[in-house]
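>>> 3D, please:
(chains A, B, C and D)
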2 protein chains.
Amino acid sequence: MKPLTERQQAVLTFVEEFCSYQGYPPTVREVAAAFGIQPRAAADHLAALKRKGYLRRDPGVSRGLSLALKSVGPVVEVPVLGRIAAGQPLLASENVEETLPLPSSWVRGDEVFLLKVTGESMAPVILPEDLVMVRSQARVARGEIAVVLVDDEATLKRVYEEAGGLVLKGDNPDFTPLRFSGEEAADIQILGKVVGVYRNLEGKRHG
Amino acid sequence: MKPLTERQQAVLTFVEEFCSYQGYPPTVREVAAAFGIQPRAAADHLAALKRKGYLRRDPGVSRGLSLALKSVGPVVEVPVLGRIAAGQPLLASENVEETLPLPSSWVRGDEVFLLKVTGESMAPVILPEDLVMVRSQARVARGEIAVVLVDDEATLKRVYEEAGGLVLKGDNPDFTPLRFSGEEAADIQILGKVVGVYRNLEGKRHG
DNA sequence: TTGACAAGTATACTTTTGTATAGTACATTA
DNA sequence: TAATGTACTATACAAAAGTATACTTGTCAA
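Next comes the predicted model:
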């Protein structure tokens, strides 16, 4: 890709900042005004940026600019759930603390959310402070890691359906598996399957 | 947030798709044309969407629309490096296989890249197929996990500077620590510090 | 030294575009 | 039952905005 002159770089930066602040691209005249030059000169710069491949531009279209680079790959906003209340609507806005933009390639399916891990029961694969990505589903295959609602508290466990009951096992040998009879298992609710883990190691010696 | 009528939802969806395809928002008349209605009717719909909080809109401004939701949080494109060639420029485009958009809150610093893990030396904290986030730096604190270039091959190890030498240790006890004398250590290059790990658990029983 | 490119000024022309005016029809709700 | 909101048609106007014409100045490489 051809290098930009200083002035062209400045114009490109202005366009980028205008877009991210306004949500739509600037007009030729707005670019001109920002640099105190005539519309024609601004149009020249935009034409140069297009020629060198930094901008896409549809001729004759007002604000018909778009950034060729920074074409930020496909992104999905994934909600980060805080304390999960036992009330039904899992993805209700009361549960959502924030949302994080993640690459769509990481997010298969619609009902996906993130959860900050608190307990050590899944150590060493999943540790406290990790962020797990969960796909909402009511059943999981034998031995898969699931978010399970036990006594109004969301925990991570491997789920094993046994004859006439349910076993929830943590990877951490310090935790004894929980066994539920058929009747007791009715109170257990599987919220979803853990499909990813993100761990921040910054500032940690032992991760 | 107030609920949308069927028609308003359709208009909102059109605006979203137009934006992601064109890179800039549609005009009132383009919305009208898409639905085969008059500009005035389209303007009514956009006004309703603004009133209900789904769109931001600057009056009198052509294409002055922006999506109030889907305000995709701050995102950085982080390069995913393939085989790391021993040639100097680490982030050179030859090394970059693809880029992934990640939330800026996860990416501190400028020279950050992702690397797909191949060996088992850091198990169980880091496993093959994991994606590690690395911040490019030439030195790391004692015991931190770093990407180290040994014999033209990038590996993950904990780095310990000892008196007159360098020790590279994997978390996996099956791997014996590598020791280098002061002279040998000159060939060892620390590419960066591992600041994050992402693991995809989809379809895996044992993660 | 001649052309190519960058970076401008100044004025004008023509679409594009948001919006206003003036209605119609049909729900739903207080 | 009157008011409010939704969903339109049809025409028109003035401002906004891309672009064209006609120049000027300076730099840099062939």
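>>> contacts, neighbours, all on C-alpha from now
Noted.
>>> how about the helices in chain A?
For chain A, the helices defined by DSSP state H cover A:6-22, A:28-35, A:39-51.
>>> tell me which of those helices lies nearest to chain B.
Of all these, helix A:6-22 sits nearest to chain B, with 7.5 Å by CA to the nearest CA.
>>> quick one: the closest one near DNA strand C?
Yes. Counting by CA under 7 Å from any atom of the strand, contacts between helix A:6-22 and DNA strand C involve A:6, A:7, A:8.
>>> which one of those residues is nearest residue A:191?
Proximity of these to residue A:191 (CA to CA) peaks at residue A:8, which lies at 51.9 Å.
>>> what sits up against the worst-scoring helix or strand of chain A on mean pLDDT?
Lowest on mean pLDDT, DSSP states H and E among the helices and strands of chain A sits strand A:96-103, with a mean of 82. Counting contacts by CA atoms under 8 Å, 6 or more residues apart in numbering or on different chains, the residues outside strand A:96-103 that touch it are A:73-82, B:72-75, B:100-103.
>>> check the gap between the nearest residue to residue A:25 once chain neighbours are set aside and DNA strand D for me.
With sequence-adjacent residues excluded and distances taken as CA to CA, 6 or more residues apart in numbering or on different chains, residue A:25 is closest to residue A:19, at 5.0 Å. According to CA to the nearest atom of the strand, to the nearest Å, residue A:19 stands 13 Å off from DNA strand D.
>>> residue A:31 is in contact with residue A:19, correct?
No. Residue A:19 lies out of contact with residue A:31 (CA atoms under 8 Å); the separation is 11.9 Å.
>>> reformat the helices of chain A as TSV; add mean neighbour count and mean pLDDT.
Converted to TSV, the helices of chain A look like this (neighbours: other CA atoms under 10 Å in any protein chain shown; pLDDT from 0 to 100):
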stretch	mean neighbour count	mean pLDDT
helix A:6-22	15	89
helix A:28-35	17	92
helix A:39-51	17	90
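>>> of all those helices, which lies closest to residue B:15?
helix A:6-22 (15.9 Å).
>>> alpha carbons only: can I get that closest one in CSV?
Below are the C-alpha coordinates for helix A:6-22, written out as CSV (Å, rounded to 0.1, in the frame of the first residue of the first chain):
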residue,chain,number,x,y,z
GLU,A,6,1.8,14.0,6.1
ARG,A,7,-1.2,16.0,5.1
GLN,A,8,-3.0,13.0,3.7
GLN,A,9,-2.3,11.1,7.0
ALA,A,10,-3.8,14.0,8.9
VAL,A,11,-7.0,14.0,6.7
LEU,A,12,-7.3,10.2,7.2
THR,A,13,-7.0,10.6,10.9
PHE,A,14,-9.6,13.3,10.9
VAL,A,15,-12.0,11.0,9.0
GLU,A,16,-11.4,8.2,11.4
GLU,A,17,-12.0,10.3,14.4
PHE,A,18,-15.0,12.0,12.9
CYS,A,19,-16.6,8.6,12.1
SER,A,20,-16.0,7.1,15.6
TYR,A,21,-17.3,10.3,17.2
GLN,A,22,-20.3,11.0,15.0
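>>> contacts for it next, please.
By CA under 8 Å, 6+ apart, the list of residues contacting helix A:6-22 reads A:24, A:25, A:26, A:31, A:45, A:46, A:48, A:49, A:54, A:67, B:66.
>>> what sits against the fourth one?
Think residue A:31. Counted by CA under 8 Å, 6+ apart, residue A:31 has contacts A:11, A:14, A:15, A:39, A:42.
>>> and with 7 Å instead?
When the contact criterion is CA atoms under 7 Å, 6 or more residues apart in numbering or on different chains, the partners of residue A:31 are residue A:42.
>>> surely residue A:121 and residue A:176 touch.
No. Applying CA atoms under 7 Å, one finds residue A:121 not in contact with residue A:176, separated by 9.3 Å.
>>> the two: which is more packed in?
residue A:121 (23 against 12; other CA atoms under 10 Å in any protein chain shown).
>>> burial count for residue A:81?
Neighbours around residue A:81, by other CA under 10 Å: 21.
>>> how close does it sit to chain B?
17 Å (CA to the nearest CA, to the nearest Å).
>>> relative to residue B:199, how far out is that residue?
19 Å (CA to CA, to the nearest Å).
>>> equivalent analysis for residue A:142, please.
20 Å.
>>> ok, the two, which is more surrounded?
For residue A:142 versus residue B:199, the count of surrounding residues by other CA under 10 Å is larger for residue B:199: 22 against 12.
>>> which residue of chain A lies farthest from its centroid?
In chain A, the residue that sits farthest from the middle, by CA atoms, centre = their mean, is residue A:38; the gap is 42.3 Å.
>>> longest strand in chain A, please.
Across chain A, the longest stretch assigned as strand under DSSP state E is strand A:189-200.
>>> put the alpha carbons of it into CSV.
These are the backbone C-alpha positions of strand A:189-200, laid out as CSV (Å, rounded to 0.1, in the frame of the first residue of the first chain):
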residue,chain,number,x,y,z
GLN,A,189,-30.9,-26.0,36.2
ILE,A,190,-28.3,-26.1,33.5
LEU,A,191,-27.9,-22.6,32.2
GLY,A,192,-25.5,-23.4,29.4
LYS,A,193,-22.4,-24.9,28.1
VAL,A,194,-19.0,-23.4,28.5
VAL,A,195,-17.5,-22.9,25.1
GLY,A,196,-14.5,-20.7,25.8
VAL,A,197,-12.3,-19.3,28.5
TYR,A,198,-10.4,-16.0,28.5
ARG,A,199,-7.7,-15.4,31.1
ASN,A,200,-5.9,-12.2,31.7
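>>> same list (the helices of chain A) but as CSV, adding distance to residue B:155.
What follows is the helices of chain A, written out as CSV (distance: least, CA to CA, whole Å):
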stretch, distance to residue B:155
helix A:6-22, 37
helix A:28-35, 48
helix A:39-51, 40
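>>> the longest strand of chain A to strand B:189-200, inter-axis angle?
For strand A:189-200 against strand B:189-200, the angle by axes from the mean of the first three to the mean of the last three CA atoms, to 10 degrees is 170 degrees.
>>> strand A:189-200 pairs with which strands, parallel or anti?
Its sheet considered, strand A:189-200 pairs with strand A:131-136 (antiparallel), strand A:145-150 (antiparallel), strand B:189-200 (antiparallel) by DSSP bridges.
>>> need the residues that contact the second one.
Right, the one you point to is strand A:145-150. By CA under 7 Å, 6+ apart, the list of residues contacting strand A:145-150 reads A:154-159, A:188-194.
>>> need the CA coordinates for it. PDB is fine.
C-alpha atoms of strand A:145-150 as PDB (Å, rounded to 0.1, in the frame of the first residue of the first chain):
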ATOM      1  CA  ILE A 145     -18.500 -28.200  31.400                       C
ATOM      2  CA  ALA A 146     -21.700 -26.400  32.200                       C
ATOM      3  CA  VAL A 147     -23.000 -23.400  34.100                       C
ATOM      4  CA  VAL A 148     -25.300 -24.900  36.700                       C
ATOM      5  CA  LEU A 149     -27.700 -23.200  39.000                       C
ATOM      6  CA  VAL A 150     -27.700 -24.900  42.400                       C
END
